[in-house]
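>>> Predicted structure and sequence below. I'll ask about it afterward.
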Amino acid sequence: MILINALLLVLAIALFIPCGMLLLECLSAVTSSLSRSPSGARSRLGTNLSKRLGKTSSTAADDEAFSVAVIMPAHNEAEVIVETLAALTPQLYPQDRLIVVADNCTDNTAQLARKAGAIVIERTDDLRRGKGYALDCGLRFVAAMPPAAVVIVDADCQFRKGSIRTLASEAITSQRPVQGVYLIECPTQSSAQRSNTQQLNTQRSVKEAVSTFAFKVKNLVRPLGLDHLGLPCLLTGTGMAFPWSVMSTVDLASSSIVEDMKLGFDLAIAGTPPAMCSTVTVVGPLPPSNNDAKTQRTRWEHGHLQLISHYGPQLFGQALVQGRLDLWAIALDLLIPPLSLLVTLWIGVTLVVTLTSGLLGLWLPIFICWAAGTALAGAIVAAWARFAQSDLDLKTLLSVPVYVLWKIPVYLKFLSEPQVEWVRTRRQVQRDK
């Protein structure tokens, strides 16, 4: 009986930790958004980073003379790269460089990028494939003439005017990696398209809306909450800036399917954890079909689960050895699985614990599980009410169980056949305006 009680308690507490951490981050983000205006976010971020590092603001961050190298890994991006480069090029100064790494391309990505004015490196390697290797190739190229900062962007993302300079300035000022807010947007459809496949579009629109909300919670709400608490955030893959003093020390040549998160953990352990730059928003499109969305989510979420098992113990161990609160926070944040998986875990664990504990007359594990559920629900409602009401109506929010059911095969596949190789998500032929 004692052993069973102990096991149920461990299971309940293991469930409560990510739910409680998620609630803390979401409530902190709500408090942050209520207590300060977006226009003051940038100056606040720079001030806080300088205070944490014991430094004054660098005059170089305000000087247009510092150089920036923008590196764009691109694998068969002919459908979207011209538009992205057209938006990025006006943001650069004469001393800046825009480098496209055409990685194992079989289309005319390289030719289009050259025509758009980018420096193009063509890389072909059938064995060493993936974004990490492409970024490593770009870094080795710029190392011959090091810039003050490196900004990493994806070929299918949209950057507002001034984004590149803002990210680079924050990285130089703080001498830390900086992550912009990376969001996705639902594609719009014409009325003719909607009428042709109304039922299919309705089902997909619910998945798209909930997926967009979950993405916003992960990439906006949670990092904003951590930043408000004075804690670092994770890297999310695009809209990232690094001072050269930091970037020159990393090894990106890996086949990790979530190379951005891995890089963030490595830098945090080394003493330069990423910071959030809430004034820069990077927008990418949702995949064009359910199959493409499943491919993308499988890569992201299998990679996340793999990193929990690999970096979780390492982060907690280094937090203890180095005595660093920020590493504790990053480790706890890592333990929060994808939102739909967390909902699924809560349902499954709570059902098992409630039935078993009820039969044995053990009420504490039941209480902890339901407290975790309350925290999870509170986090979702708080994030939706403050950040996503305009994107997601209440009726669609209540459709989360449909989205969770759609994701279950992704998680079951992790148990039987976890994805370990990087797979590019198919792009839309034309972006929605």
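Yep, it's here.
>>> nearest residue to the residue nearest to the spatial centre of the chain other than its sequence neighbours?
The structure's the chain has its C-alpha centroid closest to T236; by C-alpha atoms, centre = their mean the separation is 3.0 Å. For T236, the nearest residue in space outside its immediate sequence neighbours is Y182; the separation is 4.5 Å by C-beta to C-beta, 6 or more residues apart in numbering. Heads up, the C-betas are built off the backbone N, CA and C, glycines and all.
>>> Count the neighbours of the one you found for me.
Using other C-beta atoms under 10 Å as the criterion, Y182 is surrounded by 25 other residues.
>>> The helix or strand hosting it - which strands sit beside it in the sheet, and in what orientation?
Y182 is located in strand 178-185, with elements delineated by DSSP states H and E. Partners of strand 178-185 in the sheet, by DSSP bridges, are strand 240-243 (antiparallel), strand 275-285 (parallel).
>>> how about the helices in the stretch 101-250 of the chain?
Using DSSP state H, counting those that start in this stretch, the helices found in the stretch 101-250 of the chain span residues 109-115, 131-142, 163-174, 191-196, 198-216, 222-228, 244-247.
>>> For C277, give the beta-bridge partners.
Where C277 sits in a bridge, its partners, by DSSP bridges, are G180.
>>> list the contacts for it?
R42, L45, T166, L167, E170, V178, Q179, G180, V181, A241 (C-beta atoms under 8 Å, 6 or more residues apart in numbering).
>>> Ranking by neighbours, what's the top pick from the residues you listed?
Among the contacts of C277, where neighbours are counted by other C-beta under 10 Å, the top count belongs to A241, at 32 neighbours.
>>> What separation do you get for the residue nearest to T236 and L355?
Taking C-beta to C-beta, to the nearest Å as the criterion, Y182 is separated from L355 by 41 Å.
>>> now the helices of the stretch 101-250 of the chain in JSON lines, with distance to P94 and mean pLDDT?
Written out in JSON lines, the entries for those read as follows (distance: least, C-beta to C-beta, whole Å; pLDDT from 0 to 100):
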{"stretch": "helix 109-115", "distance to P94": "19", "mean pLDDT": "95"}
{"stretch": "helix 131-142", "distance to P94": "16", "mean pLDDT": "92"}
{"stretch": "helix 163-174", "distance to P94": "13", "mean pLDDT": "94"}
{"stretch": "helix 191-196", "distance to P94": "44", "mean pLDDT": "43"}
{"stretch": "helix 198-216", "distance to P94": "36", "mean pLDDT": "68"}
{"stretch": "helix 222-228", "distance to P94": "33", "mean pLDDT": "96"}
{"stretch": "helix 244-247", "distance to P94": "19", "mean pLDDT": "92"}
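>>> got TSV for these, with distance to S33 too?
As requested, these are arranged in TSV below (distance: least, C-beta to C-beta, whole Å):
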stretch	distance to S33
helix 109-115	38
helix 131-142	32
helix 163-174	19
helix 191-196	33
helix 198-216	13
helix 222-228	7
helix 244-247	29
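>>> S390: which of those is closest?
Proximity to S390 (C-beta to C-beta) singles out helix 198-216 among those, at 11.1 Å.
>>> Spatially, which residue comes closest to L9, not counting chain neighbours?
In space, L9 comes closest to P365 once its chain neighbours are excluded; the distance is 5.4 Å by C-beta to C-beta, 6+ apart.
>>> which element is the one you found on?
When the helices and strands are read off by DSSP H and E, the one containing P365 is helix 364-387.
>>> Give me the distance between the two termini of stretch 207-226.
Its start and end residues considered, stretch 207-226 measures 27 Å (C-alpha to C-alpha, to the nearest Å).
>>> related to what we said a few turns ago, which one of the helices of the stretch 101-250 of the chain lies nearest to I336?
Distances from I336 to each of those were compared using C-beta to C-beta; the minimum, 7.5 Å, belongs to helix 222-228.
>>> by contact count, what packs against that closest one?
Applying 3 or more C-beta pairs under 8 Å, 6 or more residues apart in numbering; DSSP states H and E, one finds that helix 222-228 makes contact with helix 2-35, strand 275-285, helix 325-334.
>>> Highest mean neighbour count out of the ones you listed?
strand 275-285 (a mean of 22; mean count of other C-beta atoms under 10 Å).
>>> circling back to that earlier point, could you export the helix or strand just after the helix holding P365 as PDB, CA atoms only?
Next in sequence after helix 364-387, counting helices and strands by DSSP H and E, comes helix 394-397. Presented in PDB, the C-alpha positions along helix 394-397 are these (Å, rounded to 0.1, in the frame of the first residue of the first chain):
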ATOM      1  CA  LEU A 394     -15.000  30.600 -27.600                       C
ATOM      2  CA  LYS A 395     -16.800  28.000 -29.600                       C
ATOM      3  CA  THR A 396     -13.600  27.100 -31.500                       C
ATOM      4  CA  LEU A 397     -11.600  27.100 -28.200                       C
END
